[in-house]
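K.L.:
no sequence for this one, just the structure:
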């Protein structure tokens, strides 16, 4: 059984979805949990079309239903977890009636989904931004984790919770320490012995407290605590919620460097632009995909004149700052990672080549890597600490619907476009139809608008003009836009920057809007 | 699903025709009315359940064709929605079959058979007369063999509408008879009398396979049981599945569909296949020109075949069977359908057959005009709702067959032998016929004989004896040629009349029994014309999937036409060499038997019978 929760993987992770369909073809039942009946959900046996931002109400109701039916995995809960009683107490009020009222999904559908999930031999939850682009993103994730702890669908082949990565190397970015609180290999920067290991190796001090994540950086800009910004491979001007505000803050910086393969809108505001080569074909190194598989990337072509490898640029910046790191060499850098990060220690270039990639953790050169994580939770006696249930409460989207802004706008992506279009808008696509406000046929009729007709869309933060497109996958009151065509239609003028305090992600998925016929 | 439906909306009649097979739509996502109150927040339609209905595509296309006489685009679009199928897939299947029309057509169609047996009985004259008349509400088409060769020339009448009609009739010697048939309610009544006409031996004591045909009411289960029916099934249930397979192995029965594979070994392989479920399929897509034995078994003794397939299911551990009858056999399909219902009502099919705990049921499926669907894997694809294109083998059906599961597929005549084997015992059955070809065999004798029809003889009698049984050639004329085994078989000359009719005997003279066709041509027949028709038949029926057959059948027809006209490319012997090469390429490289045998009859005639006397370049 596969729960595809808050993910339109058919369009946004098409390669992954192709693998998912193999499972479906082999008989796996697919449940799609999404406000829209997306092209992914159309493959599903059951669509649970919850209202935007009610994921925790649904997940908790499933948990309650599983416990009420005595279907929880008692052996696993008893031997590998803590906090079950708290969890049971918290989910107790989440009756099917409550969940149906809150999410809109019929209680019967929730009950069937819960029981099928609990009884499944193997079950996994795959999720993406429908879970994380909320003001309570981390709570949403915890609600899903609670479900797999409850049913023991973790630490076994074919089970688990799987965030689908949006790029070939999002996982690798995190693994290498591109996080405010982690050094390479997920080693916490505030852990003294770990930090000391890095300081010793690098011969330089490392700040002892964790840094800011993206949203906190914008808050710091607002406070005036952050005056200089070095942006590598990001386009925050167009990808941040509440774009007017983001522009104001970026323009207020004293100094900004942008290092990118394209001249982005953010780059246009920068004081210094460093043209980079394309990592996937113009440089050597590794990437790490969604299943933690580290794979080699080989330079295939020369970059255009003027564009340079990211690593070479960084080496030069270091040299100007007085540190000579020598000549950049991808394998040498990788061997440094192996020396410092235990989970990567066994991954020599030779082995990566021979085994066609290795999944971390890989502690030494005899370790084959791990197909899945957390198998220790099934060792008896338990190997390592117990894992804790983290009960969470439903908290609806920050922006409620009102008489003035009565419709829900949710945002997402389409098959042939990528995020703000930096990497895709330069290419022709037979599918591209530009930005539209997708509305239900019923709303289109109520507004008296036809396909392609321009309407004005207003939120508390801004307004855009955009053509309408009727979409049967939407119900009345629910609308959809993408953020692919920010130059034409700046969707993020409408979105709200209410951010999750733990992850720093803004609530792109839930804004309140009004649509006006022009 | 990435399925892009057309905007075009089906009308009430179109929806009703589709819903008559599929039932009313359960969801807006399946073509029902959109109601966001009930389906705005959930849908339980989709996924496996929705996609698993594809095998209903052919039945539902039949329903629309029967209602409208063609397949309106709006109905196809509605079908796509109902079955969660891309419109292109539905279109691809619809265009695969002769009996479906994608363009508006009058409700009535008269299919005039112009294939070999009808051709030598005046079908061409009938066709040219049809050109000059018009029948209100009707159009007419030439048809490949309708399987009524003993009653040539034959027609099939179909009329779409609220009360659709479909029936065959023969012989029809004038257009007046055709008009009268078109306007009659259901053609001539088909009782025991007409069966006796098609089975000249009817009522004789020494018959085995066809002993009931023309004597026992085919629609009566009581009559069947009173005549010894279902004794074999009871005995089979006592023997147990392995015991049944032992008897079938001991019988040395070879498949009667044309390939002569040992039946018992097939059964054993399916019974042992670990994957579940198992299926049994009765191949009643009898389309080989000149063949009509299966039709008469189904029309004349339907319960005998049903009993045979039930025993097969028991032996192979199958709970579900499919009976695939070619679309041109309306009466056979009707009788089989009625027999299935009667057997089910009597507890001889269903959950607990004869109180034994054995569960088995049969679904009847109709083809829609495609010779290729007689090829076993093409037939599976056809049942599954796909284009009837053959699959590569291996894997063989006993391992990967219908719906990808282990499948026993047997021909009608093969299955009709099963009750005989079980009742008499395999060893006793093996005593009939010769050591290489056991049992009785059915022969479809047509063409220039006094009493064309279905004949049963034990293996081992000679061709001459069979022709004598049929009364010999009328008016004392000489024999020009005999087609053995149908269009995929071989032509032999009158010098081979003493060949014993066994698998090994025909093989010894480089011929084949094939499906049991014995088509006699007297000395007045223009063999070149017959060869051209055979070539046209294969060109038309090639499914087009693989290149050797798709291209080879066209080249073969062109080459014959050049030979007949004398406008050869290079010398006549160049052309004959090229023909051989085309045949060899098709034999070597075609996916299925159609391409592999498409040149047999033509090459055999050219080699031995000089059907196209030499042109001037040889003079």
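P.N.:
Great, that's in hand. Keep in mind that this is a model prediction, so the values were computed, not measured. Residues are numbered from 1 along each chain as shown, chains lettered A, B, ... in the order given.
K.L.:
residues near residue A:287, how many?
P.N.:
19 (other C-beta atoms under 10 Å in any protein chain shown). Glycine gets a C-beta too; all of them are placed from N, C-alpha and C.
K.L.:
no, scratch that, I was asking about residue A:18
P.N.:
Residues near residue A:18, counting by other C-beta under 10 Å: 11.
K.L.:
quick one, phi/psi of it?
P.N.:
Note on residue A:18: backbone dihedrals following degrees, to the nearest 10 are phi -60, psi -40.
K.L.:
need the contact list for residue B:155.
P.N.:
B:110, B:111, B:112, B:113, B:146, B:168, B:169, B:170, B:172, B:178, B:181 (C-beta atoms under 8 Å, 6 or more residues apart in numbering or on different chains).
K.L.:
got a PyMOL select line for the buried ones in these?
P.N.:
Entered in PyMOL, the line below selects the buried ones among the contacts of residue B:155, by 16 or more other C-beta atoms under 10 Å in any protein chain shown:
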select buried, chain B and resi 110+111+112+113+146+168+169+170+172+178+181
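K.L.:
in CSV: the contacts of residue B:155, plus secondary structure.
P.N.:
Output for those, formatted as CSV (DSSP: H, G, I helix; E, B strand; the rest coil):
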residue, secondary structure
B:110, strand
B:111, strand
B:112, strand
B:113, strand
B:146, coil
B:168, strand
B:169, strand
B:170, coil
B:172, coil
B:178, helix
B:181, helix
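K.L.:
any regions of the stretch 151-300 of chain B where pLDDT drops low?
P.N.:
Counting by pLDDT under 70, the stretch 151-300 of chain B contains low-confidence residues at B:187-188.
K.L.:
tell me the contacts of residue A:492?
P.N.:
Neighbours of residue A:492 in contact, by C-beta under 8 Å, 6+ apart: A:238, A:239, A:240, A:241, A:242, A:243, A:246, A:483, A:486, A:508.
K.L.:
nearest residue to residue 229 other than its sequence neighbours?
P.N.:
In the absence of a named chain, chain A is used. Closest residue to residue A:229 apart from its sequence neighbours, by C-beta to C-beta, 6 or more residues apart in numbering or on different chains: residue A:256 at 4.8 Å.
K.L.:
please refer instead to chain B.
P.N.:
Going by C-beta to C-beta, 6+ apart, residue B:229 has residue B:303 as its nearest residue, at 5.5 Å.
K.L.:
which of the three states applies to the nearest residue to residue B:115 once chain neighbours are set aside?
P.N.:
Spatial nearest neighbour of residue B:115, excluding adjacent residues (C-beta to C-beta, 6+ apart): residue B:145 at 3.8 Å. Classification of residue B:145 by three-state DSSP places it in coil.
K.L.:
what's the closest of the contacts of residue B:155 to residue A:402?
P.N.:
residue B:111 (68.9 Å; C-beta to C-beta).
K.L.:
which residues does that closest one contact?
P.N.:
B:140, B:141, B:142, B:143, B:146, B:155, B:156, B:157, B:158, B:328.
K.L.:
give me the buried entries from those residues.
P.N.:
The buried subset of the contacts of residue B:111 - by 16+ other C-beta under 10 Å - is B:140, B:141, B:143, B:146, B:155, B:156, B:157, B:158, B:328.
K.L.:
what residues are up against the residue in the stretch 451-600 of chain B positioned nearest to chain A?
P.N.:
Here the residue of the stretch 451-600 of chain B nearest chain A is residue B:545; by C-beta to the nearest C-beta that distance is 22.7 Å. Going by C-beta under 8 Å, 6+ apart, residue B:545 touches B:389, B:390, B:591.
K.L.:
tell me which helix or strand the nearest residue to the first one once chain neighbours are set aside sits in.
P.N.:
Which is residue B:389. Nearest residue to residue B:389, sequence neighbours excluded (C-beta to C-beta, 6+ apart): residue B:545, at 4.4 Å. Using DSSP states H and E, residue B:545 sits within no helix or strand.
K.L.:
what's the nearest residue in chain B when you look at chain A?
P.N.:
In chain B, the residue that lies nearest chain A is residue B:47 (3.1 Å; C-beta to the nearest C-beta).
K.L.:
how deep is that residue tucked in, by neighbour count?
P.N.:
Number of residues near residue B:47 (other C-beta under 10 Å) recorded here: 24.
K.L.:
what's the answer for the one 5 residues further on, then?
P.N.:
The local packing count at residue B:52 equals 12, with neighbours defined by other C-beta under 10 Å.
K.L.:
from what I see, residue A:517 and residue A:449 are in contact.
P.N.:
Yes. At 5.7 Å, residue A:517 counts as touching residue A:449 under the criterion of C-beta atoms under 8 Å.
K.L.:
common neighbours of those two, please.
P.N.:
residue A:455.
K.L.:
these two - which one has more neighbours?
P.N.:
residue A:449 (22 against 11).
K.L.:
give me the distance between the more buried one and chain B.
P.N.:
Here residue A:449 is placed at a distance of 18 Å from chain B (C-beta to the nearest C-beta, to the nearest Å).
K.L.:
which residues does the closest residue to that residue other than its chain neighbours contact?
P.N.:
Spatial nearest neighbour of residue A:449, excluding adjacent residues (C-beta to C-beta, 6+ apart): residue A:468 at 4.8 Å. Residue A:468 sits next to A:436, A:437, A:439, A:444, A:447, A:449, A:450, A:451, A:452, A:453, A:454, A:455 when contact means C-beta under 8 Å, 6+ apart.
K.L.:
give me the number of residues near the first one?
P.N.:
Residues lying near residue A:436 (other C-beta under 10 Å) number 20.
K.L.:
residue of chain A closest to chain B, please.
P.N.:
Counting by C-beta to the nearest C-beta, chain A gets nearest chain B through residue A:45, at 3.1 Å.
K.L.:
pLDDT score for that residue?
P.N.:
Residue A:45 carries a pLDDT value of 95.
K.L.:
returning to what we had before: okay if I get the contacts of residue B:155 as JSON lines plus distance to residue B:339?
P.N.:
What follows is the contacts of residue B:155, written out as JSON lines (distance: C-beta to C-beta, whole Å):
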{"residue": "B:110", "distance to residue B:339": "29"}
{"residue": "B:111", "distance to residue B:339": "26"}
{"residue": "B:112", "distance to residue B:339": "30"}
{"residue": "B:113", "distance to residue B:339": "26"}
{"residue": "B:146", "distance to residue B:339": "22"}
{"residue": "B:168", "distance to residue B:339": "19"}
{"residue": "B:169", "distance to residue B:339": "23"}
{"residue": "B:170", "distance to residue B:339": "24"}
{"residue": "B:172", "distance to residue B:339": "28"}
{"residue": "B:178", "distance to residue B:339": "31"}
{"residue": "B:181", "distance to residue B:339": "26"}
